[in-house]
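Novice: what follows is a protein structure lacking sequence information:
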């Protein structure tokens, strides 16, 4: 029986996936076992990635693992994957990002693992901590809260709303003031 209370004999499947919650660890992990021989389960695939476990879903034959790693602004190091002990680095040019500023940054990783053949893919995004993740049956959605600076917001309000509400003689005066 595993630490999460699942016994291989209690399932009719020939594969078992375990996502251990690492207390204080800095890696998100996935273990995929072949349990066709219930007496001697075999570890088939061992995945881990730098960062913290955020969320996971299994959709059809794929496990989707979401993890995040805090970005040290002075020395940003992308997360490193480990597949069956083999280290895989992510190149900086392979990291996607939202072109908006934030006060804190994290590397948000979305990994997909095919439980039939162990094939995996990963995508890394540079996001703010304000990201939100949604799952549907066919898609993983990674959203980001856009922060608009106050000056742009005020200019848009004045140009799109306030000027149209002013009497004609006052809107010319306001446009004159805003042109400085």
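Specialist: Perfect, I can see it now. Here the structure is a predicted model, which means the values were calculated and not measured. Numbering: from 1, shown residues only.

Novice: helices and strands around the helix ranked longest in the chain, which ones?
Specialist: Scanning the chain for the longest helix, with DSSP state H as the assignment, gives helix 168-178. Helices and strands touching helix 168-178, by 3 or more C-beta pairs under 8 Å, 6 or more residues apart in numbering; DSSP states H and E, are helix 163-165. Using the backbone N, CA and C atoms, a C-beta is placed for each residue, glycine as well.

Novice: ok, and what's touching the helix it packs on?
Specialist: 171, 174-175 (C-beta atoms under 8 Å, 6 or more residues apart in numbering).

Novice: could you pull up the mean pLDDT of that helix?
Specialist: Per-residue pLDDT values over helix 163-165 give a mean of 80.

Novice: stretch 89-107 now?
Specialist: On average, stretch 89-107 scores 87.

Novice: and if you look at stretch 128-142?
Specialist: Across stretch 128-142, the per-residue pLDDT values average to 79.

Novice: nearest the middle, which residue of the chain would you pick?
Specialist: The centre of the chain sits closest to residue 108, judged by C-alpha atoms, centre = their mean, with a distance of 3.5 Å.

Novice: my read: that residue touches residue 125, true?
Specialist: Yes - at 4.7 Å, residue 108 and residue 125 qualify as touching, with contact defined as C-beta atoms under 8 Å.

Novice: common neighbours of the two, please.
Specialist: Counting by C-beta under 8 Å, 6+ apart, the residues touching both residue 108 and residue 125 are 131, 142.

Novice: kind regards, and thank you for your time.
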